[in-house]
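J.: Whatever this is, show me its structure:
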Amino acid sequence: MVQAVSKPYSEADFSVQITEDRTWRIKEISDLKSAIRQGDSGTQRVLLRALVTICYAHWEGYVRFVAKKYLEHIALRKLQYRQLGPQFLKNYFLPRLAHTNSGKLTVAERCAMVEEILTSSNRRFNRVNEDLINTKANLNFEVFADICVVCDVATKPFSDKSAFIDVVLLKRRNAIAHGEETFIALGDLDEVADSTVFLIRAFGDALENHVVLQAYKAA
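T.: All right, here's what the predicted structure looks like:
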């Protein structure tokens, strides 16, 4: 588990925290993969089911952890929205805009919100709204894509893994978690483990690059 400073004040803090969090997750996947290879057929059958649940847990856990740390790192800069990329001002209003779907806002209230949007560029981003990085305990590709939008990360590099995320990780994990007799073939071992590690690394690297290059700042 991460034992570094609690808040990612500097670029180095952010890098250390997400690397430490990634390392123990990947090691656990690797250790389980080794145990499967060394086990007898009965043990392999059980551990392969466990591998799916562990891989999903680390996929969801790492995405939530890194996204939160990324936004927290930027919030600690206390920059004005005009100094940040446009997605950050959008993020500020997204939770409130969700409430407008209820149709309960009057025209005057909606106009007031529009006025606030137009005049909020001098506000400072100094607090992370965790609702924006809610994995909903059901991190399918659509939910993941929403988190990518919030973090201003391109989803295209991950699109080839959408079926893996939705079917292999999430659907099979749900079936196993609900006690269904779903089994994983030994031949799927490398795909399940290696694809999960790839996704974990790719998402962490994308946000680390944003931090190092300060890509979150306005052009």
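
J.: which stretches of the protein have low pLDDT?
T.: The model of the chain has pLDDT under 70 over residues 1-5, 99-103.

J.: Find the residue at the geometric middle of it.
T.: The centroid of the chain falls nearest to V63 when counting by Cα atoms, centre = their mean (2.4 Å).

J.: Let me know the helix or strand that that one is in.
T.: Using DSSP states H and E, V63 falls within helix 41-75.

J.: Show me the helices in this structure, by range?
T.: 11-38, 41-75, 86-99, 107-118, 141-150, 162-163, 172-177, 189-213 (DSSP state H).

J.: In a markdown table, list the ones you listed along with distance to L132.
T.: Every C-beta, even on glycine, is put in place using the N, C-alpha and C of the backbone. Formatted as a markdown table, the helices of the chain follow (distance: least, Cβ to Cβ, whole Å):
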| stretch | distance to L132 |
| --- | --- |
| helix 11-38 | 18 |
| helix 41-75 | 8 |
| helix 86-99 | 6 |
| helix 107-118 | 17 |
| helix 141-150 | 5 |
| helix 162-163 | 21 |
| helix 172-177 | 24 |
| helix 189-213 | 14 |
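
J.: Which among those helices is found nearest to D131?
T.: helix 86-99 (5.5 Å; Cβ to Cβ).

J.: counting contacts, what elements does that closest one pack onto?
T.: Packing partners of helix 86-99 (3 or more Cβ pairs under 8 Å, 6 or more residues apart in numbering; DSSP states H and E): helix 107-118, helix 141-150.

J.: could I get that helix in PDB with only the CA atoms?
T.: The C-alpha trace of helix 86-99 is given here as PDB (Å, rounded to 0.1, in the frame of the first residue of the first chain):
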ATOM      1  CA  PRO A  86     -11.600  24.300 -20.300                       C
ATOM      2  CA  GLN A  87     -12.500  20.800 -19.000                       C
ATOM      3  CA  PHE A  88     -11.900  22.000 -15.400                       C
ATOM      4  CA  LEU A  89     -14.600  24.700 -15.500                       C
ATOM      5  CA  LYS A  90     -16.900  22.200 -17.100                       C
ATOM      6  CA  ASN A  91     -16.200  19.800 -14.200                       C
ATOM      7  CA  TYR A  92     -17.100  22.500 -11.800                       C
ATOM      8  CA  PHE A  93     -20.600  22.700 -13.200                       C
ATOM      9  CA  LEU A  94     -21.200  19.100 -14.200                       C
ATOM     10  CA  PRO A  95     -22.800  17.900 -10.900                       C
ATOM     11  CA  ARG A  96     -25.100  20.900 -10.800                       C
ATOM     12  CA  LEU A  97     -26.100  20.500 -14.500                       C
ATOM     13  CA  ALA A  98     -27.100  16.900 -13.600                       C
ATOM     14  CA  HIS A  99     -29.800  18.300 -11.300                       C
END
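
J.: Pull out the buried residues from that helix.
T.: For helix 86-99, burial by neighbour count (16 or more other Cβ atoms under 10 Å) applies to F88, L89, N91, Y92, L94.
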